[in-house]
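Enquirer: Whatever this is, show me its structure:
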Amino acid sequence: MPSQPSKSLDTFANPSPGRDFQIHIEVPEFTCLCPMTGQPDFALLVIDYIPDQLCVELKSLKLYAWSFRNEGKFHEAVTNEILDDLVRALSPRFMRITAKWYVRGGIFTNVVAEHRQAGWTPQPAVQLQEFAPGSNIRG
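Expert: Residues are numbered from 1 along each chain as shown. This is a model prediction of the structure:
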């Protein structure tokens, strides 16, 4: 039986809950409808999150994204709705949704929405020096 769109988000246990690590997901074919014109709007959704106890299962995320295809939503509303649904399902330590909407009428729109778990603070960033292949790293 072929897959169907679904608002259900399946999860699985975080394999390393004692460590902060980033999960980066790109959904390049997100589609919904403009609530004003009914014409399709297309976006690249970028989902970055640091899981706590749960991670999102990707097939369910694909079917979830598909469920918006025939819904009229403003860019700002659908981006925040997706964040709210994912936060409700996963309770992540941190999550950022970046929706990069493709051009319509000569205008690009990017909508960024974030969630931080109460009391969570990120680890300081580590900057590593890059070396060119074959370079003498001993100086």
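Enquirer: Check the secondary structure at the residue most central in space within the chain for me.
Expert: Geometric centre of the chain, nearest residue: residue 47, 1.6 Å, by Cα atoms, centre = their mean. Judged by DSSP: H, G, I helix; E, B strand; the rest coil, the three-state class of residue 47 is strand.
Enquirer: same question, residue 88
Expert: Following three-state DSSP, the label given to residue 88 is helix.
Enquirer: and it, how many neighbours does it have?
Expert: By the measure other Cβ atoms under 10 Å, the count of residues near residue 88 is 9. Heads up, the C-betas are built off the backbone N, CA and C, glycines and all.
Enquirer: same question, residue 112
Expert: Neighbours of residue 112 using other Cβ under 10 Å come to 12.
Enquirer: isn't there a strand covering it?
Expert: Yes: judged by three-state DSSP, residue 112 forms part of a strand.
Enquirer: Now that it has come up, it's in contact with residue 97, right?
Expert: Yes: Residue 112 lies in contact with residue 97 (Cβ atoms under 8 Å); the separation is 7.2 Å.
Enquirer: and stretch 107-123, how far apart are its ends?
Expert: Terminal residues of stretch 107-123 lie 36 Å apart, using Cα to Cα, to the nearest Å.
Enquirer: and residue 36, what element?
Expert: Under the criterion DSSP states H and E, no helix or strand holds residue 36.
Enquirer: Neighbours of it, how many?
Expert: 8.
Enquirer: what pLDDT does it get?
Expert: Reported pLDDT at residue 36 in the predicted model: 93.
Enquirer: How about residue 101?
Expert: 97.
Enquirer: Report the contact partners of it.
Expert: For residue 101, the contacting residues are 41-43, 75, 108-111, by Cβ atoms under 8 Å, 6 or more residues apart in numbering.
Enquirer: okay if I get those residues as JSON lines plus distance to residue 6 and secondary structure?
Expert: Formatted as JSON lines, those follow (distance: Cβ to Cβ, whole Å; DSSP: H, G, I helix; E, B strand; the rest coil):
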{"residue": "41", "distance to residue 6": "21", "secondary structure": "strand"}
{"residue": "42", "distance to residue 6": "21", "secondary structure": "strand"}
{"residue": "43", "distance to residue 6": "19", "secondary structure": "strand"}
{"residue": "75", "distance to residue 6": "22", "secondary structure": "helix"}
{"residue": "108", "distance to residue 6": "30", "secondary structure": "strand"}
{"residue": "109", "distance to residue 6": "26", "secondary structure": "strand"}
{"residue": "110", "distance to residue 6": "27", "secondary structure": "strand"}
{"residue": "111", "distance to residue 6": "23", "secondary structure": "strand"}
